[in-house]
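Undergrad: For reference, the sequence and a predicted model appear below.
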Amino acid sequence: MRTFESNEIAIKFSKRKSIGVYVSPKGVEVRAPIGTSNRYINDFIASKRPWIQKQLDVVIRRTQETYQLTDGTRLPILGQEKVLRILANGKNQVIETETDLFVHVSRFDQSRIDKVFSQYLISKARRVIPPIANEIAKELSLDHKLKDIAFRRTKTKWGHCTHDGRLQFNWLIMMAPMKVIHSLVAHEVCHLEHLNHSPEFWTLVQSVDPDYLISKHWLNTYGHRLSLFER
């Protein structure tokens, strides 16, 4: 277990009304109102020390569990485990077989590997997700509201629906099981009808995906493992 020291905590002042502490893979940060005294901040940190340590332990454990893009790593694609094979042979592409993912790169460095693998997942997301979204939207008679589907890697959300009918998905979801992917898409398509999390929204979700709670639990439990590139 890694313990933290007070001098390792970053202090950030802003025009906020209350003091708070945030723990992330990058470290511990206390955000305080402008003018907050050092004594008050130190007392606050001392009172939160057990909580901070607990959160830091969780962050470290989750970081260690995250899949790494290194040769020989076993990682899932649509939930099916494959072995990553990295080859520096002048090409920039990923070739997928039943058991392996051959990542060909023009030069052997991590930034290049990250970029090539990202493009592979984005391309796969563009092939997998739109047909599912269109099918569900048509089933619910919401296809006229679906205007666009985009893909973006975000830190806090797997999917998003805008008020004007545009769906956005985190392409890292391509490493989740197909059932989870389908559930995520169903969730966002249902937001075309209810842009909230009202009882009516969840009733609509359940009509499309009766086991949505199982997929939600999977993402809450294992979703952090898919957060590649966080170094």
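TA: Perfect, thanks for sending it. Numbers count the residues shown, from 1 in each chain.
Undergrad: quick one: the helices in the protein?
TA: Secondary structure of the chain by DSSP state H: the helices cover 38-65, 110-139, 178-190, 199-208, 212-222.
Undergrad: contacts for the longest strand seen in the chain?
TA: Ranked by number of residues, the top strand in the chain under DSSP state E is strand 80-88. Where contact means Cβ atoms under 8 Å, 6 or more residues apart in numbering, the residues beyond strand 80-88 that reach it are 69-76, 96-97, 99-108, 113. From N, CA and C alone the C-beta is placed, and that goes for glycine too.
Undergrad: could you redo the last one with a cut-off of 6 Å?
TA: For strand 80-88, the surrounding residues in contact (Cβ atoms under 6 Å, 6 or more residues apart in numbering) are 71, 73-74, 100-105, 108.
Undergrad: count of neighbours near the closest residue to Ala125 other than its chain neighbours?
TA: The shortest distance from Ala125 to any residue that is not its chain neighbour, by Cβ to Cβ, 6 or more residues apart in numbering, is 4.1 Å, and that residue is Trp171. Residue neighbour count, defined by other Cβ atoms under 10 Å, stands at 22 for Trp171.
Undergrad: these two touch, right, Trp171 and Ser123?
TA: No. Between Trp171 and Ser123 there is no contact under Cβ atoms under 6 Å: 8.9 Å.
Undergrad: what ranges of the chain fall below the confidence cut-off?
TA: Applying pLDDT under 70 to the chain picks out residues 1-7, 229-231.
Undergrad: which residue sits farthest out from the middle of it?
TA: Arg39 (37.1 Å; Cα atoms, centre = their mean).
Undergrad: how near is Thr66 to Thr73?
TA: Here the distance between Thr66 and Thr73 works out to 11 Å (Cβ to Cβ, to the nearest Å).
Undergrad: so which of the helices of the chain comes closest to Glu8?
TA: helix 38-65 (10.1 Å; Cβ to Cβ).
Undergrad: Asp209 - nearest residue in space that isn't next to it in sequence?
TA: Nearest residue to Asp209 in three dimensions, chain neighbours excluded: Ala186, at 4.5 Å (Cβ to Cβ, 6+ apart).
Undergrad: distance of that neighbour from Pro210?
TA: Between Ala186 and Pro210 the distance, using Cβ to Cβ, works out to 10 Å.
Undergrad: who has more neighbours, these two?
TA: Set side by side, Ala186 and Pro210 give different neighbour counts by other Cβ under 10 Å, the larger being at Ala186 (25 against 9).
Undergrad: That one contacts Ser207, correct?
TA: No. Counting by Cβ under 6 Å, Ala186 stays clear of Ser207, with 9.4 Å between them.
Undergrad: quick revisit: which of the helices of the chain is buried the deepest?
TA: Highest mean neighbour count of those: helix 178-190, a mean of 23 (counted as mean count of other Cβ atoms under 10 Å).
Undergrad: related to what we said a few turns ago, okay, the helices of the chain in a markdown table with distance to Gly90 next?
TA: As requested, the helices of the chain are arranged in a markdown table below (distance: least, Cβ to Cβ, whole Å):
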| stretch | distance to Gly90 |
| --- | --- |
| helix 38-65 | 33 |
| helix 110-139 | 12 |
| helix 178-190 | 33 |
| helix 199-208 | 46 |
| helix 212-222 | 36 |
